[in-house]
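could you look at this predicted model? Sequence included:
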Amino acid sequence: MKKTIGIVVAMDRETGVKEKFAYKTEYLAGIAFNIFQAGENKVILAESGIGEVRAAAATALLIGRYNVDEIINYGYVGSLNESIPVNAVCAVDEIFHTDVDLVAFGNVLGQYDGRDEVSFKTDLALTKRIADLPLKKIASSDKFIASGEKKRELRKVFGADICDMESAGVAEVCDRANLPFAILKIVSDGVESDCTDSFWENSIFGIVPLVDLICDYLVK
């Protein structure tokens, strides 16, 4: 069945999917939307920029401007769990927006107003169609989590396995729009005292296994 598939990535070094196809680029609200055909499917890959607000804006435009049927977010994450090594590829089933704090209103940390649940859930049927990967919980915020101490704290508070800076923005918009979405990630930095160097080193070439999985799905 023909579909229009939206993809959200944060950085240039995460856009490997578009290089596999002949694409054209449109700019809207400062965001590059790369449009191409993959098999019978039309694909729009948005380069949102880093952070929750930018990811949410790109997701909203994919839904409102391009009328996508589903959204995939992929990219790099940090590990919060010492059993998950660098270069591990995984899928996400639950997303916690760790910056949301309405505790003063009686909410749990990470819980939005008007929602009973703290976490957002991905569409597992869509996720499974893309790839059969280990499912992990992700803590998402507008901070790059560099310290091992902070990573261990996030794991303790939210029970998360990995962390990033975009998935909560994608999840919140898709949840409001009742649109299926999947999140696939590859680990660029582990639970270390300072993860910044590890991130930049591993994010140069590490996205390839994830790109191959997504490209296979797009042409199905």
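The structure has been received and is ready for your questions. Numbering: from 1, shown residues only.

okay, and the beta partners of Val92?
Beta-bridge pairing of Val92 under DSSP bridges involves Lys136.

verify the stated contact: it with Lys185.
Yes. Between Val92 and Lys185 there is a contact at 6.5 Å, judged by Cβ atoms under 8 Å. C-beta: built from backbone N, CA, C; applies to glycine.

ends of stretch 157-169, how far apart?
20 Å (Cα to Cα, to the nearest Å).

next one: stretch 37-54
25 Å.

got the buried residues for it?
Residues 38, 41-49, 51-52, 54 are the ones in stretch 37-54 that count as buried (16 or more other Cβ atoms under 10 Å).

which parts of the protein are strands?
4-9, 24-28, 31-38, 41-47, 70-79, 89-97, 120-121, 135-140, 162-164, 181-189 (DSSP state E).

right, and these - which one's nearest Leu218?
With Cβ to Cβ as the criterion, Leu218 lies closest to strand 31-38 of the strands of the chain, at 3.7 Å.

contacts for that closest one?
Outside of strand 31-38, the residues within contact range by Cβ atoms under 8 Å, 6 or more residues apart in numbering are 5, 15, 18, 21-27, 42-49, 54, 57-58, 61-62, 66, 215, 218-219.

returning to what we had before: please produce CSV containing the strands of the chain, extended by mean pLDDT and distance to Arg152.
Putting these into CSV (pLDDT from 0 to 100; distance: least, Cβ to Cβ, whole Å) gives the following:
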stretch, mean pLDDT, distance to Arg152
strand 4-9, 98, 28
strand 24-28, 97, 40
strand 31-38, 97, 34
strand 41-47, 98, 32
strand 70-79, 94, 11
strand 89-97, 97, 15
strand 120-121, 98, 23
strand 135-140, 98, 12
strand 162-164, 96, 11
strand 181-189, 93, 14
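
so which of these is nearest Asp113?
strand 89-97 (12.3 Å).

hmm, back to that, between Val92 and Lys185, which contacts overlap?
Residues touching both Val92 and Lys185 (Cβ under 8 Å, 6+ apart) are 136, 138, 162, 167.

now distance to Ala146 too, for the strands of the chain, in JSON lines please.
Shown next, in JSON lines, are these (distance: least, Cβ to Cβ, whole Å):
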{"stretch": "strand 4-9", "distance to Ala146": "21"}
{"stretch": "strand 24-28", "distance to Ala146": "31"}
{"stretch": "strand 31-38", "distance to Ala146": "26"}
{"stretch": "strand 41-47", "distance to Ala146": "23"}
{"stretch": "strand 70-79", "distance to Ala146": "8"}
{"stretch": "strand 89-97", "distance to Ala146": "19"}
{"stretch": "strand 120-121", "distance to Ala146": "25"}
{"stretch": "strand 135-140", "distance to Ala146": "14"}
{"stretch": "strand 162-164", "distance to Ala146": "11"}
{"stretch": "strand 181-189", "distance to Ala146": "8"}
